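Participant: Okay, here's the prediction I keep looking at, along with the sequence it came from:
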Amino acid sequence: MRIQEAPLRLDALLAETDLPDCGGLVVFSGTVRDHHDGKAVTRLIYTAHTPVAERMIGEIEQEVLTKFAVGACRIQHRIGELRIGEAAVLVVVRAAHRDAAFEGSRYAIDEVKRRVPIWKEEFYADGTRAYVEGCALA
């Protein structure tokens, strides 16, 4: 699954993408931080249009495989309520060489943030909350 409510498991993605011909491994983990724009964040809620998000993440994974000559690309994003320090998104890219793995990983996370219908609502220590600017459906 690419979109899930359960905590993300890096060990599972590493095992799934293990390839003996890939010496380069890049892992990106986006975790919930305790601040945004000068405000103390206490928790987040991610929501998504899950069927579309699943499909789009799959498309991004395929684009990474094609554009960057990598052997594996897997992306998972969490939805639901997340606490400070929890992983919200994982990107695992493996390639024969590090340059392709780094480039593919950056492309993957940037495209997820830009294109995939996942929305982040932040809850602040002062009792207020707000959606963070991100993906907008056209």
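Facilitator: Noted; the coordinates are in hand. Numbers count the residues shown, from 1 in each chain.

Participant: what residues does stretch 114-133 touch?
Facilitator: If you take C-beta atoms under 8 Å, 6 or more residues apart in numbering as the criterion, stretch 114-133 is touched by 3, 36, 39-49, 52-53, 56-57, 60, 77, 79, 88, 112, 134-135, 137. (Each C-beta comes from the backbone N, C-alpha and C, glycine too.)

Participant: nope, stretch 95-108 is what I meant
Facilitator: For stretch 95-108, using C-beta under 8 Å, 6+ apart, the contacting residues are 21-28, 60-61, 63-64, 67-71, 73, 75, 91, 93-94.

Participant: so how many other residues sit close to residue 123?
Facilitator: By other C-beta atoms under 10 Å, the residues close to residue 123 number 16.

Participant: secondary structure element for it?
Facilitator: Secondary structure from DSSP states H and E places residue 123 in strand 118-124.

Participant: Contacts only, for the most centrally placed residue in the chain.
Facilitator: Ranked by distance to the mean C-alpha position of the chain (C-alpha atoms, centre = their mean), the top residue is residue 89 at 3.0 Å. Contact analysis of residue 89 by C-beta under 8 Å, 6+ apart lists 8, 28-30, 75-78, 109, 112.

Participant: hang on, it in a helix?
Facilitator: No - counting by DSSP: H, G, I helix; E, B strand; the rest coil, residue 89 is not found in a helix; it is strand.

Participant: what about the helices in this protein?
Facilitator: 10-17, 50-67, 98-115 (DSSP state H).

Participant: counting contacts, what elements does the second one pack onto?
Facilitator: It stands for helix 50-67. Here helix 50-67 touches strand 3-4, strand 72-78, helix 98-115, going by 3 or more C-beta pairs under 8 Å, 6 or more residues apart in numbering; DSSP states H and E.

Participant: List the buried residues of it.
Facilitator: Of the residues in helix 50-67, those buried under the neighbour-count criterion (16 or more other C-beta atoms under 10 Å) are 50, 53-54, 56-57, 60-61, 64-65.

Participant: Check the burial of residue 105 by counting its neighbours.
Facilitator: When neighbours are counted by other C-beta under 10 Å, residue 105 comes out with 25.
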